[in-house]
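**Student:** this one's sequence-less:
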């Protein structure tokens, strides 16, 4: 299992409340359509002074599933929509493998 973790900052000029509402209510439905994604979780920062406004976690079976997802029109639509509320230049993405310590 591969998990993509995005550390997200909101677009300049967008309020924290508007960012969190848009991400949860609008973008969540768009992201949920990406094929091959096993799970998608939004982690909303609880503090307006945090370095990031939130983190998103997306699970895939393997890197081949990630590549197929990235090639899909649903992924392209999600990326296009991200520019409406995310500062893409200040957002970080890493691919990880979970190593459970406490189950």
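**Tutor:** Nice, I can see it. Everything numeric in this text was worked out from a predicted model, so none of it was measured. Numbering: from 1, shown residues only.

**Student:** quick one, helices of this protein?
**Tutor:** According to DSSP state H, the chain carries its helices in the segments 16-22, 28-31, 63-70, 73-82.

**Student:** Could you point out which of these sits nearest residue 95?
**Tutor:** When the helices of the chain are compared by Cβ to Cβ, helix 63-70 sits nearest residue 95, at 7.2 Å. (Each C-beta comes from the backbone N, C-alpha and C, glycine too.)

**Student:** counting contacts, what elements does the closest one pack onto?
**Tutor:** Based on contacts counted as 3 or more Cβ pairs under 8 Å, 6 or more residues apart in numbering; DSSP states H and E, the elements that helix 63-70 packs against are strand 2-8.

**Student:** thinking again about what came up before, how about the helices of the chain in a markdown table, adding mean pLDDT, distance to residue 43 and mean neighbour count?
**Tutor:** Putting these into a markdown table (pLDDT from 0 to 100; distance: least, Cβ to Cβ, whole Å; neighbours: other Cβ atoms under 10 Å) gives the following:
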| stretch | mean pLDDT | distance to residue 43 | mean neighbour count |
| --- | --- | --- | --- |
| helix 16-22 | 97 | 11 | 15 |
| helix 28-31 | 97 | 12 | 15 |
| helix 63-70 | 97 | 20 | 14 |
| helix 73-82 | 98 | 16 | 15 |
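
**Student:** Which of the ones you listed sits closest to residue 9?
**Tutor:** Proximity to residue 9, assessed across the helices of the chain by Cβ to Cβ, is greatest for helix 16-22 (9.1 Å).

**Student:** Contacts for the closest one next, please.
**Tutor:** Residues outside helix 16-22 that contact it (Cβ atoms under 8 Å, 6 or more residues apart in numbering): 10-11, 44, 48, 53-54, 84-85.
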